[in-house]
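Enquirer: Sequence and predicted model, in that order:
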Amino acid sequence: MTKTRESVEYIVNRLRKIYEERKINNEDWFILPNQVAIHIDIIEKNRLVIEFADNEEKAKIHMADDGQSYYLDDYTLEEMFDEMMKEIENEM
């Protein structure tokens, strides 16, 4: 498994403990308390982004916006998760 894939798995496993998970278009999405749907996506070899959809229905039709980019070389996994949580909490 690549470092990028391992990073996504780490983030997704942490999110599973916090938010309701749904499979949407064969991807792991999480539903926030305000019904916003989020997904961790790999943009490039060493760059992750959180996709935000207004709700599950928008996620199903691929109407999501990219959030901030997270470069693997800039963070430890824990730091990246903490920064992503700040961005997620800002959406609630």
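Expert: Everything's here; your move.
Enquirer: Once you drop chain neighbours, what's closest to residue 30?
Expert: Computed as CB to CB, 6 or more residues apart in numbering, the closest residue to residue 30 that is not its neighbour in sequence is residue 19, at 3.9 Å. Placement of C-beta: from N, CA and C, glycine included.
Enquirer: That should have said residue 35, apologies.
Expert: residue 55 (4.8 Å).
Enquirer: So the most centrally placed residue in the chain versus residue 28, what's the distance?
Expert: Centrality entry for the chain: nearest residue to the mean C-alpha point is residue 40, 2.7 Å, by CA atoms, centre = their mean. Counting by CB to CB, to the nearest Å, the separation of residue 40 from residue 28 is 8 Å.
Enquirer: likewise residue 13?
Expert: 10 Å.
Enquirer: Please, where are all the helices along the chain?
Expert: 3-16, 56-60, 77-91 (DSSP state H).
Enquirer: Could you pull up the mean pLDDT of the first one?
Expert: Here helix 3-16 scores 92 as its mean pLDDT.
Enquirer: how big is the angle separating it from helix 77-91?
Expert: Interaxial angle, helix 3-16 versus helix 77-91 (axes from the mean of the first three to the mean of the last three CA atoms, to 10 degrees): 50 degrees.
Enquirer: Can you spell out which helices and strands pack onto helix 3-16?
Expert: Helices and strands touching helix 3-16, by 3 or more CB pairs under 8 Å, 6 or more residues apart in numbering; DSSP states H and E, are strand 27-31, strand 37-44, strand 47-53, helix 77-91.
Enquirer: Great, nothing more from me.
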